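Asks: quick one, fold the following:
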Amino acid sequence: MGRVIAFLYGALSYVVFFVTFLYAIGFVENMIVPKSIDSPPPAASMTRGIIANVILLSIFAIQHSVMARPAFKAAWTKFVPKVIERSTYVLLSSLALILLFWQWRQMADPVWTVTNTVAAYFLYAVSFAGWAIVLISTFLINHFDLFGLRQVYLNLRGVEYTNAGIARPLFYKLVRHPIMLGFVIAFWATPHMTAGHLLFAVVTTAYILAAVQIEERDLVSYHGKAYEDYQREVSMIIPIPKRGTAPSD
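Replies: As a prediction, this is how the structure comes out:
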């Protein structure tokens, strides 16, 4: 019964994540969803808007980064069953994003606007390509493991969980963090950049650049020389070939 409950919990957490991910696309792209990055309510002032929105972004960043650290995992898995640790992390990350979507304050002052129709559609296409890179990259390294579903499924079957090694398929031959590259592309490629969208893009990009540095240290600690070799051969986020090396198959 405990295994069934853990699986149902993991499945529910995954559903919440996937719905939140789809909503995030609509939120950033100002499409379909009832509340997007440029939707009301407007901020009372530019200063208050910046403060409120930075707080919301910080809540997500702190939760997302702190809970991913090995020391934190070691501490809280004394209370939370290890099999649902990843699912709980995914669920809380999704809830932090839902809070951001709900409480985001509109800052609609235009920064740039592309009026040429072809150029505007091109930027939309680039942005959606970024979202596609994010999603495809998760499947390249094991999507269901990344979001906790594999762990609870193996537990349901009574199979011991094993962590995958370093994978280098497709995008991972070009950059070590294609998921983060995809987010950066998706956030910045827009024909209509408002002050609120710019704040979102700047803060999330800064967080990504800081967070991957911390994650890199954890990966080196976990994988050792294998990851150090990967670092020497493949760039971190910007796909620039390194001199004298070629990505390994």
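
Asks: F122 and P191, how far apart?
Replies: Here F122 is placed at a distance of 8 Å from P191 (C-beta to C-beta, to the nearest Å). For glycine as for every other residue, the C-beta is placed from the backbone atoms N, C-alpha and C.

Asks: looking at the two, which one has more neighbours?
Replies: Neighbours per residue (other C-beta atoms under 10 Å) separate F122 from P191, with P191 holding more: 17 against 14.

Asks: please look at the more buried one and V118 and confirm they touch.
Replies: No - P191 is beyond contact range of V118, at 10.4 Å (criterion: C-beta atoms under 8 Å).

Asks: H177: how many residues sit nearby?
Replies: For H177, using other C-beta under 10 Å, the count is 21.

Asks: I misspoke; the intended subject was P241.
Replies: Residues near P241, counting by other C-beta under 10 Å, number 12.

Asks: is Q231 part of a helix or strand, or is it coil?
Replies: helix (DSSP: H, G, I helix; E, B strand; the rest coil).

Asks: would you confirm that it contacts I166?
Replies: No - between Q231 and I166 there is no contact under C-beta under 8 Å: 10.6 Å.

Asks: so where is this protein shaky, pLDDT-wise?
Replies: Judged by pLDDT under 70, the chain has its weakly predicted residues at 164-165, 242-249.

Asks: residue ranges of the strands in this structure, please?
Replies: Here the chain has its strands, by DSSP state E, at 110-113, 192-194.

Asks: and the helices in this protein?
Replies: For the chain, applying DSSP state H gives helices covering 2-29, 46-66, 70-76, 85-103, 117-141, 143-146, 149-157, 178-188, 195-223, 225-233.

Asks: dump the residue contacts of L156.
Replies: L156 makes contacts with 3-4, 6-7, as judged by C-beta atoms under 8 Å, 6 or more residues apart in numbering.

Asks: buried subset of those residues, written for PyMOL?
Replies: Here is the PyMOL command that selects the buried residues among the contacts of L156 (16 or more other C-beta atoms under 10 Å):
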select buried, resi 6+7
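
Asks: can you put the contacts of L156 in CSV and add distance to P70?
Replies: Listed next are those as CSV, based on distance: C-beta to C-beta, whole Å:
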residue, distance to P70
R3, 25
V4, 29
A6, 22
F7, 25
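
Asks: so which pair among the contacts of L156 is furthest apart in space?
Replies: Greatest spatial distance among the contacts of L156 (C-beta to C-beta): V4 and A6, at 7.3 Å.

Asks: now do the residue lying closest to V66 once chain neighbours are set aside against G26, distance only.
Replies: Leaving aside its chain neighbours, V66 sits nearest to F72 (5.7 Å; criterion: C-beta to C-beta, 6 or more residues apart in numbering). According to C-beta to C-beta, F72 stands 31 Å off from G26.

Asks: kind regards, and thank you for your time.
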